[in-house]
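# My questions concern the predicted model and sequence given below.
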Amino acid sequence: MVKQRGFLLLEASVSLFLACLGVTLLFYTLGQTKKINQNIDRRIDRAYASYVLNNTSKQQVTVHDHLYEQAGADQVLDKTMGKVVYEVK
């Protein structure tokens, strides 16, 4: 029996597939993390706008290019996003 040296084509293909899968999952994870951070930032901005509107005599407040108005006790109206009402906790 003759000894084989080096990698087989099948081994190289499997390792290349696993490397591509790892890179793909890494970029997917980073994208989802960015999306989660953006959602958290939006919620913080809405809570801040609600706090300012509840504790001052202001009718409108602008936070990070979004114009907010008071829509209720625990609600803010985002006029920049097309008059969307958000619940603030």
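Received, thanks.
# now the helices for this protein?
Listed in chain order, the helices of the chain (DSSP state H) span 9-55.
# centroid residue for it?
Geometric centre of the chain, nearest residue: Lys35, 1.6 Å, by CA atoms, centre = their mean.
# For it, give its distance to Asp41.
Distance, Lys35 to Asp41, using CB to CB, to the nearest Å: 11 Å. Bear in mind the C-beta positions are built from the backbone N, C-alpha and C, glycine included.
# likewise Phe7?
In this view, Phe7 and Asp41 are 47 Å apart by CB to CB.
# How about Val2?
63 Å.
# for Val84, same thing?
As defined by CB to CB, Val84 lies at a distance of 16 Å from Asp41.
# Quick check on Val2 and Asp41: which one has the bigger neighbour count.
Each of Val2 and Asp41 has its neighbours counted (other CB atoms under 10 Å); Asp41 has more, 11 against 4.
# check contacts around the more buried one.
Contact partners of Asp41, counting by CB atoms under 8 Å, 6 or more residues apart in numbering, are His64.
# pLDDT score for it?
Looking at Asp41, its pLDDT stands at 95.
# Same question for Ser13.
94.
# That one - how many residues pack around it?
Ser13 has 11 neighbours, counted by other CB under 10 Å.
# And for Ile40?
Applying other CB under 10 Å, we find 10 residues neighbouring Ile40.
# Show me what the helix or strand of the chain with the lowest mean pLDDT packs onto, helices and strands only.
Least confident helix or strand of the chain, by mean pLDDT, DSSP states H and E, is strand 84-87 with a mean of 88. Packing contacts for strand 84-87, counted by 3 or more CB pairs under 8 Å, 6 or more residues apart in numbering; DSSP states H and E, involve strand 75-78.
# Only alpha carbons, please: show the strand it packs on as PDB.
Taking C-alpha atoms only, strand 75-78 is exported to PDB below (Å, rounded to 0.1, in the frame of the first residue of the first chain):
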ATOM      1  CA  GLN A  75     -47.100  57.900  24.400                       C
ATOM      2  CA  VAL A  76     -45.000  60.100  22.100                       C
ATOM      3  CA  LEU A  77     -45.900  61.000  18.500                       C
ATOM      4  CA  ASP A  78     -43.000  60.800  16.000                       C
END
